[in-house]
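A.B. asks: For reference, the sequence and a predicted model appear below.
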There are 2 protein chains.
Amino acid sequence: MPRIAGEFALIERYLAPLSVPSEGAFGLKNDAAVLDIAAGDRLVATVDSLVAGRHFLPDDPPDSVARKLLRVSLSDLAAMGAEPVSYLLAASWPLDIEEEWIAVFCQGLAADQATFGVTLVGGDTTATPGPMTLTVTAFGRVRGTRVLDRASLHPGDDLYVSGTVGDAFLGLRYLQGGIDGLTKTARERLAERYRCPEPRVALGQALLERGLATAALDVSDGLAADLGHLLTASGVGAVLRLQDIPLSGPAEEGLALLGEPPEVVLSGGDDYELLFAAAPERLAEIADLSRELSLPITRIGEVCVEAGLSLLDAEQNPVALKSTGWTHF
Amino acid sequence: MPRIAGEFALIERYLAPLSVPSEGAFGLKNDAAVLDIAAGDRLVATVDSLVAGRHFLPDDPPDSVARKLLRVSLSDLAAMGAEPVSYLLAASWPLDIEEEWIAVFCQGLAADQATFGVTLVGGDTTATPGPMTLTVTAFGRVRGTRVLDRASLHPGDDLYVSGTVGDAFLGLRYLQGGIDGLTKTARERLAERYRCPEPRVALGQALLERGLATAALDVSDGLAADLGHLLTASGVGAVLRLQDIPLSGPAEEGLALLGEPPEVVLSGGDDYELLFAAAPERLAEIADLSRELSLPITRIGEVCVEAGLSLLDAEQNPVALKSTGWTHF
């Protein structure tokens, strides 16, 4: 007796129901999906793979793995200012996977489909003797011809970040047994931030529609690393103020227990907050947007002419960054 | 010293050049790509993963792995009648991969980009402790509202297949050391058919534009298995004539050496030929199309009311199918 149903049965039982709202998905029976785009809209596409043990923990709950998988791609759409529409799923399941795992995984997809208004429109399932490897291709739309991009950093622009920085990194440290003594609230909050990021979809769309940002990206590999690549590509530098980096209460609690300085959060990945640049005169509009969205948006520094990324403490003294982030590769 | 360059250096060195023709790819520096579609066109999207050791052999030449990867997805587009446009690549490289492997892999992508007129527009690279896992999301376009699909099999329709059947399956058997005594020509031809399928892009587009096919699919898991799923989904059956199944000379040579009957080719995967149904009165037009494309298109049977797939020999006696194909799962 096989441990789980065959590929076609799995697709029919768990995945096809996720495609119901989309005619172009053909109930997942076709080789490909048809994506319809209204006149004047542009389609934005992004692909991300998560590998068990590298991008999520093998014992993470299957529904939270599903949500992280989808949200990592939705975060890419957010960084372009796109409205999420649909996605394709390519899943390489391990040979010994239990059908129950797939069932709960698909419950997570269903929950986030409702949250973000997206629909599964196609996919591929394979077996692998290696770790589970999950790939989502997400589609979004933007109205008109503009998108947010990474290309336009100007000296004098302010740098902003949404939400708080470092929670996911500390959540991973906690889940790996690396922080003792956290309160229950902090444990839950940090673990949740690692397992289930919040793609800043509404923020990205508003930044694009209002023309507020000159460049934007989502922070996946760590704020210092992701900003560093952007600075290099743009041939400019930046100064960040350490005391302005937004930390959550649980993150401060975790750092205190670890005895580590606050700047380590700049090297932590998986936050999926938006980092963006804006002209100084847009400050008040950005504060308004923060209130509208009930989302902290913090000015953390400025773009400058001189190359490199500098971090200053409250006395304007430079703070060394030990590592500029981790890499998934 | 790391064995290979970091993720960003690899992208810049090998992958970004593949994106040059597309403005929407942003030189692969953005999180996502913008796909532009002309008014009146529809976008078709498909995703496929290949896992080393399951869908290609670990010692297959890297450029042929690249071409198979791309062609498997282009074959899905062909089965919908779409014209290939662009693709996203998500690559999970093993930890011990050599940079030279990636370089030659990207040469294969470049060669097929030229052959099929497609461009890399985005992607993701990760590392995996498991087997290499490569995922392509391919995009194509169709003019107008119709696509080829799998939904419309009618009793009385003829069934056709392009090219020849079983070469890839026999190529795999040969590459695994399972066939001794093949001529050099047969060895090369069968191995090539396994490693580098020919997506029937022009055929798919012509079938759609001329309204010739009532249903179409590409044969990936084996003709009997893929047709079987289609028959079940449509609530009809089919009769195939064994003597009409098109076999190449190298395939006949391989079958003779193995001492196996011709029907085994119906259970062999990886051919990526198009299987389609058409009304009997379209016979002459399909013969014309075959000549135009210089591509054999063979009528191999008919759709019937009675459920199930029957295979008849030259004396109209039923031939048993031992296995209805293999599954990637």
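C.D. replies: Great, that's in hand.

A.B. asks: Only C-alpha atoms from now on, for both contacts and neighbour counts.
C.D. replies: Fine.

A.B. asks: Show me what secondary structure element comes after the helix or strand of chain A with the lowest mean pLDDT.
C.D. replies: Sorted by mean pLDDT, DSSP states H and E, the helices and strands of chain A end with helix A:7-10, the least confident at a mean of 76. Where DSSP states H and E defines the elements, the next helix or strand beyond helix A:7-10 is strand A:33-35.

A.B. asks: Send over the least confident helix or strand of chain A as PDB, restricted to the C-alpha atoms.
C.D. replies: Extracted in PDB, the C-alpha atoms of helix A:7-10 (Å, rounded to 0.1, in the frame of the first residue of the first chain):
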ATOM      1  CA  GLU A   7       0.000  12.400  -8.000                       C
ATOM      2  CA  PHE A   8      -3.400  12.800  -9.800                       C
ATOM      3  CA  ALA A   9      -5.400  11.900  -6.700                       C
ATOM      4  CA  LEU A  10      -3.400  14.400  -4.600                       C
END
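
A.B. asks: just the residues of the stretch 101-250 of chain A that are near chain B, which are they?
C.D. replies: A:122-131, A:133, A:135, A:137, A:149-150, A:217 (CA under 8 Å from any CA of the partner chain).

A.B. asks: Show only the entries of these found in strands.
C.D. replies: Judged by DSSP state E, strands contain the following of those: A:122, A:123, A:124, A:125, A:126, A:127, A:128, A:133, A:135, A:137, A:217.

A.B. asks: Setting aside sequence neighbours, what's the nearest residue to the second one?
C.D. replies: Nearest-residue entry for residue A:123: residue A:89, 4.5 Å, with adjacent residues in sequence omitted and distances by CA to CA, 6 or more residues apart in numbering or on different chains.

A.B. asks: roughly how far out does whatever helix or strand the one you found lives in sit from the chain middle?
C.D. replies: In this assignment (DSSP H and E), residue A:89 forms part of strand A:83-94. Offset of strand A:83-94 from its chain centre (CA atoms, centre = their mean, to the nearest Å): 15 Å.

A.B. asks: Same question for stretch A:231-241.
C.D. replies: 22 Å.

A.B. asks: try stretch A:237-248
C.D. replies: That offset, for stretch A:237-248, works out to 20 Å (CA atoms, centre = their mean).

A.B. asks: what comes up buried for the least confident helix or strand of chain A?
C.D. replies: A:7, A:10 (16 or more other CA atoms under 10 Å in any protein chain shown).

A.B. asks: cool, and stretch A:169-188?
C.D. replies: The neighbour-count check on stretch A:169-188 (16+ other CA under 10 Å) flags A:169, A:170, A:171, A:172, A:173, A:174, A:175, A:179, A:182, A:186, A:187 as buried.

A.B. asks: give me phi/psi at residue A:188?
C.D. replies: When quoted as degrees, to the nearest 10, the phi and psi of residue A:188 stand at phi -70, psi -40.

A.B. asks: From residue A:251, how far out is it?
C.D. replies: Noted for residue A:188: a distance of 12 Å to residue A:251, by CA to CA, to the nearest Å.

A.B. asks: Among the buried residues of stretch A:169-188, which are located in helices?
C.D. replies: A:169, A:170, A:171, A:172, A:173, A:174, A:175, A:186, A:187 (DSSP state H).

A.B. asks: just for chain A, where's the confidence low?
C.D. replies: A:1-5, A:25, A:27-28, A:31, A:151, A:322-329 (pLDDT under 70).

A.B. asks: Tell me where it has helices.
C.D. replies: A:7-10, A:62-80, A:99-116, A:167-175, A:184-195, A:201-209, A:223-234, A:249-258, A:283-293.

A.B. asks: Tell me if the first one is near chain B.
C.D. replies: This means helix A:7-10. Yes. Residues of helix A:7-10 are located near chain B by CA under 8 Å from any CA, namely residue A:7.

A.B. asks: Specify which member of the buried residues of stretch A:169-188 is nearest to residue B:23.
C.D. replies: The nearest member of the buried residues of stretch A:169-188 to residue B:23, counting by CA to CA, is residue A:169 at 34.6 Å.

A.B. asks: ok, the nearest residue to that closest one once chain neighbours are set aside to chain B distance?
C.D. replies: Spatial nearest neighbour of residue A:169, chain neighbours left out: residue A:268 (4.9 Å); criterion: CA to CA, 6+ apart. Distance of residue A:268 to chain B, computed by CA to the nearest CA, to the nearest Å: 17 Å.

A.B. asks: Isn't residue A:268 up against residue A:225?
C.D. replies: No. Judged on CA atoms under 8 Å, residue A:268 makes no contact with residue A:225 at a distance of 9.1 Å.

A.B. asks: Comparing those two, which shows the higher neighbour count?
C.D. replies: Remark: of residue A:268 and residue A:225, residue A:268 carries more neighbours, 26 against 22, as counted by other CA atoms under 10 Å in any protein chain shown.

A.B. asks: Closest to the centroid, which residue in chain A?
C.D. replies: residue A:272 (3.3 Å; CA atoms, centre = their mean).

A.B. asks: sorry, back to before: show me which pair in the ones in strands among the residues of the stretch 101-250 of chain A next to chain B is furthest apart.
C.D. replies: Greatest spacing in these, by CA to CA: A:127 and A:217 (33.3 Å).

A.B. asks: Which one's more surrounded, those two?
C.D. replies: For residue A:127 versus residue A:217, the count of surrounding residues by other CA under 10 Å is larger for residue A:217: 28 against 23.
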